[in-house]
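A.B. asks: Could you look at this predicted model? Sequence included:
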Amino acid sequence: MPKFRGVKRWAMLFSAMLLSSILLAACDQNTPSILNPQGPVASKEAGLFWFVLVVATIVFVAVEGVLIYSIVRFRERPNAPMPRQIHGNNTIEIIWTVAPSLFLFAVLIGTIYTMFNLSNISGQGRTLEVKVVGHQWWWEFDYTNDNIVTADELVVPVNTVIHTTLESNNVIHSFWIPQITGKTDVVPGHNNDKVFLASTIGTYRGICTEFCGLQHAHMSFLLVVKSQDDYMSWLHNQQAVAQAPTDAVAQAGMKIFTGSGACFGCHGIVGVNLQSFSDPHANALIGPNLTHFATRTSIAGLVLSWNPQSCVVGTDSSGKPAIQNPSACGLYQWLHNPQAVKPGNDMNIRPLSDTEIAQLVAYLESLT
Amino acid sequence: MATRTIAEGVSLTRRKRFGETYIGAWIMTIDHKKIGVMYIVTAFFFFLVGGVEALLVRTQLAVPNGNVLTNDQYNQVFTMHGTTMIFLFVMPMLTGFGNFVVPLMIGARDMAYPRLNAFGYWVVLFGGLFLNSSFLFGQAPNAGWFSYAPLTEATCGNGVLCTPGLNMDFWALGILMLGVSSIAGSLNFVVTILRLRAPGMTINRMPLFVWMSLVTSFLLLFALPSVTAASILLLLDRHLGTHFFQAGAGGDPLLWQHLFWSFGHPEVYILILPAFGIISEVLPVFSRKPIFGYTFIAWSGVAIGFLSFTVWAHHMFAVGLPLVAQAFFATSTTLIAIPTAVKIFNWIATVYGGKVSFKVPMLFALGFIAMFLIGGLNGAALAVVPFDYQVTDTYFVVAHLHYVLFGGTVFGVFSAIYYWFPKMTGRLLNERLGQVHFWLMLIGVNLTFFPMHILGLLGMPRRVYTYAGNLGWNELNLLATIGAFIIAISIMVFLWNFIVTMRSGEKSGDDPWNAYTLEWDTSSPPKPYNFEVIPTVRSRRPFYDKKNPEIADWKTATH
């Protein structure tokens, strides 16, 4: 059919482009792909996907094949006779009721078997207990037995079973780390349990997947998986009380932080306005705990990345403290105008001068 | 002014009554055909509105960190896209076809309750306008078409404001109005189909579109009360201080989800069963064969209807239900796939061995089978609970539901439009433009929705107004947006076709497709009384019998 030659070439080019773009996309290092699992729970879930994909492909090819064959083979031809008027055939009906049932029940057995075994995992050492609290729009991780609290970063040791309890006192969120475990909703009044384990050291993206309002898109978090030793030293550091800064710029920043009606109305720092991580007053606070803020790598639900190297505090032409390269400093952008970065969030602050921002950044950088 | 001579030299002038003017004849009508056409035109208008909303969504997501819409605008637009497409496009569109076609198909002169019928239409129109008027206040519904509490509450405990504005009041009141209309409409269908069939048309000889309309009407009657109740409870929570959905005060957010989905899943079948019926009418006519396995298609529709009330919690696998309950809903969802598969096989068997002519209604019907199969397969995958934990609330689900609702229902709707347009207007839509429309739409649908499967597997959640550029989602999102605009172009082609046809389209005659059912055995468009003489039915293809008396079905087949 020469008429179709051009069409075919275009179709081939197009399919090649489609396929290559998919492959390119799948190769991205940061992609939270469920097909690149790094823990036993996600592995079981991905395994089931491949099984279902094989079954579905067989059915797809067979059914679309017969459909296309029928269309082509029985297309209207000139002078073709009237087709036989067949109304049905009970034997065939029974066959094609039973055949898909067999496929479907094979899949169902795999489903139910995997479902009941999903939380059946074992790791090294004791189970790490974490209370996960979904806020609008950030995550709080309360290490129940270790007496620390972190925000937007869940740091865990490798090959250790993590048992989380999911709580919310506002709307429904959903806790999901695609490469580690499927999702469980965080429903007010239902403290769901979730068990998982990460078997590879690394950093994985966690995502809120229940629509939770204006900033649902920016409610991600990081699962940071460390070796047992690294985790223990991280934990000891986190359990320490924040040290008062020695540097004059940072001291000025601390003054701003603790000024009347300022940051500490919403944010707690153990050693400044909180006695300990279990301070009962901590419940009244609305924003993330900042005790070891400098050890974090992101802010505001992964909207901005953050590290002290890109936020160097120097001086401006008149000798006042200033951030040297504000456009590279996520924390500067955040403090400069949090509503522009993440519209609708709870951080409604008075405009800060560049000097004040530099002082605050210096203070926050001292919270190691 | 109508002037009539009474006697020589005397003349009497009378003003036309309002109901006799062109506009008045439509506004005052209780004729099922006119009401049907008004439903279809209104639904198509809302299809365009919902389509523009979809284009806004896709434009915002075309590239990472898009800034076409703000987050609040995006939430309003995606909520109204879903709400509009389901409640203001698909439901009234299918009701419209039911209205126009069902009485003709069963050989009746009108619906059982013509005034109730007109009432149903006007409530849909004003309900739809009411819902959309929320845009004038800048406060369109913004919590998704599923409106999960407690996000939809005015406050959700602990001093957290959720949706204090008018947004959710518009949604809840709008849904109540549309529910009233649907109840009226479906009662009317049930009574019409059960009581007004022509002599000889037993239940077992009804066209399959009538069967599916009957099943759909029953589904609506049993499913709507729970969403009506839920909407009222939500309004009480918002305005009278009750706490049905607030955990802090002893309520439960999951109550909303159970009430909503025990409506919401039958609703999914309400949106697709009439399309099954349309396909079951179109395929035989253009294959020149009777439908294969009539009884199986009809009763698998009934089976789907019953089972659709047992599967609602498969929308809730991730909320932490007991594992045994999840296993139950996985099983019921597996079961409902079986009658659906049976239907697909019967449709293909109808084509097999036929003499297939590729008129545009047939193209859309065949496209329906091909696309709906994909929607069925990825739907069955979603019943695999551990896999569902991974992909629920991701773009994988968006892909699934659009293959079912766009690849399925919308293809069915266009098949119906091309098929029954000559009956409604007496003109045939242009064949060539129709083919362009079909192929553009087929390409557009696959380009838009296939990449979404992969986006879901790559971890992209639903309902996000933007995404970061370093997550590997960029190319696929751009591809989906290009596809959406191709669909938009195909719709333009259709609108052009409509204009061209209404101006100078080919006259169709009464029976352009050499069809089998009674609606073709009358003039195009039919007279207000439908049939000069009510036909007598002796088989499932009464008009075929009339045209082929020697080989009539009632002579050769036993039904």
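C.D. replies: Yes, it's here.
A.B. asks: which other helices and strands contact the host helix or strand of B:I272?
C.D. replies: Taking DSSP states H and E as the criterion, the element that holds B:I272 is helix B:253-287. Where contact means 3 or more CB pairs under 8 Å, 6 or more residues apart in numbering or on different chains; DSSP states H and E, helix B:253-287 is packed against helix B:91-105, helix B:208-240, helix B:294-307, helix B:323-351, helix B:360-382, helix B:411-425. (Each C-beta comes from the backbone N, C-alpha and C, glycine too.)
A.B. asks: Could you pull out the buried residues of that helix?
C.D. replies: Under the neighbour-count criterion of 16 or more other CB atoms under 10 Å in any protein chain shown, helix B:253-287 has B:253-254, B:256-287 buried.
A.B. asks: so B:A365 touches B:V285, yeah?
C.D. replies: No. With contact defined as CB atoms under 8 Å, B:A365 and B:V285 do not form a contacting pair (9.5 Å).
A.B. asks: coming back round to it: please work out which of the helices and strands packed on helix B:253-287 is packed deepest.
C.D. replies: helix B:91-105 (a mean of 28; mean count of other CB atoms under 10 Å in any protein chain shown).
A.B. asks: Centre of the chain to that helix, how far?
C.D. replies: In this view, helix B:91-105 has its centroid 11 Å away from the chain centroid, taken as CA atoms, centre = their mean, to the nearest Å.
A.B. asks: and if you look at stretch B:524-539?
C.D. replies: Centroid separation for stretch B:524-539 versus its chain: 27 Å, with CA atoms, centre = their mean.
A.B. asks: so does it get close to chain A?
C.D. replies: No. Stretch B:524-539 lies out of reach of chain A by CB under 8 Å from any CB of the partner chain, never closer than 10.0 Å.
A.B. asks: show me where the stretch 1-150 of chain B has helices.
C.D. replies: Assigned helices in the stretch 1-150 of chain B, in chain order: B:22-27, B:32-61, B:71-83, B:91-105, B:114-133 (criterion: DSSP state H, counting those that start in this stretch).
A.B. asks: which other helices and strands contact the second one?
C.D. replies: Contact analysis of helix B:32-61 by 3+ CB pairs under 8 Å, 6+ apart lists helix B:22-27, helix B:71-83, helix B:91-105, helix B:114-133, helix B:411-425, helix B:474-504 as its packing neighbours.
A.B. asks: separation between B:L401 and B:N99?
C.D. replies: From B:L401 over to B:N99 the distance is 26 Å, taken as CB to CB, to the nearest Å.
A.B. asks: nope, A:W137 is what I meant
C.D. replies: Relative to B:N99, and taking CB to CB, A:W137 is found at 46 Å.
A.B. asks: related to what we said a few turns ago, let's have the helices and strands packed on helix B:253-287 in CSV, adding mean pLDDT and distance to chain A.
C.D. replies: Supplementary listing: the helices and strands packed on helix B:253-287 in CSV, determined by pLDDT from 0 to 100; distance: least, CB to the nearest CB, whole Å:
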stretch, mean pLDDT, distance to chain A
helix B:91-105, 97, 19
helix B:208-240, 96, 13
helix B:294-307, 96, 5
helix B:323-351, 96, 4
helix B:360-382, 96, 4
helix B:411-425, 97, 14
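A.B. asks: out of the ones you listed, which comes closest to A:A242?
C.D. replies: Closest of those to A:A242 is helix B:208-240, at 42.2 Å (criterion: CB to CB).
A.B. asks: by how many degrees do the closest one and helix B:294-307 diverge?
C.D. replies: Here helix B:208-240 runs at 10 degrees with respect to helix B:294-307, directions being taken by axes from the mean of the first three to the mean of the last three CA atoms, to 10 degrees.
A.B. asks: and A:G134, how many neighbours does it have?
C.D. replies: Neighbouring residues of A:G134 were enumerated by other CB atoms under 10 Å in any protein chain shown; the total is 26.
A.B. asks: per-residue confidence at it?
C.D. replies: Among the per-residue scores, A:G134 holds a pLDDT of 94.
A.B. asks: need the contact list for it.
C.D. replies: A:L166, A:E167, A:S168, A:N170, A:H173, A:F175, A:V186, A:C208, A:C212, A:M219 (CB atoms under 8 Å, 6 or more residues apart in numbering or on different chains).
A.B. asks: Next up, phi/psi of it, please.
C.D. replies: When quoted as degrees, to the nearest 10, the phi and psi of A:G134 stand at phi -90, psi 120.
A.B. asks: For it, give its distance to chain B.
C.D. replies: 12 Å (CB to the nearest CB, to the nearest Å).
A.B. asks: Can you tell me how far the closest residue to that residue other than its chain neighbours is from B:M441?
C.D. replies: Of all residues not flanking A:G134 in the chain, A:H173 sits nearest, at 3.4 Å (CB to CB, 6 or more residues apart in numbering or on different chains). A:H173 sits 37 Å away from B:M441 when distances are taken as CB to CB.
A.B. asks: ok, those two, which is more surrounded?
C.D. replies: When neighbours are counted by other CB under 10 Å, A:H173 comes out ahead of the other of A:H173 and B:M441, with 29 against 25.
A.B. asks: List the contacts of that one.
C.D. replies: Going by CB under 8 Å, 6+ apart, the list of residues near A:H173 reads A:G134, A:D185, A:V186, A:C208, A:E210, A:C212, A:M219.
A.B. asks: returning to that earlier point: now the helix holding B:I272 against helix B:360-382, angle please.
C.D. replies: Going by the same axes, to 10 degrees, helix B:253-287 makes 140 degrees with helix B:360-382.
A.B. asks: which residues touch the nearest residue to B:A365 once chain neighbours are set aside?
C.D. replies: Nearest-residue entry for B:A365: B:V282, 4.3 Å, with adjacent residues in sequence omitted and distances by CB to CB, 6+ apart. For B:V282, the contact set (CB under 8 Å, 6+ apart) comprises B:P361, B:M362, B:F364, B:A365, B:S415, B:A416, B:Y419.
A.B. asks: what about the chain, any weak spots by pLDDT?
C.D. replies: All of this refers to chain A. Within chain A, the segments meeting pLDDT under 70 span A:1-28, A:280-284.
A.B. asks: Can you look at chain B instead?
C.D. replies: In the predicted model of chain B, residues B:1-12 satisfy pLDDT under 70.
A.B. asks: where's the closest residue to A:W96 other than its chain neighbours relative to B:H400, distance?
C.D. replies: With CB to CB, 6+ apart as the measure, B:F345 is the residue that lies nearest to A:W96, at 4.4 Å, once sequence neighbours are left out. Taking CB to CB as the measure, B:F345 and B:H400 are separated by 21 Å.
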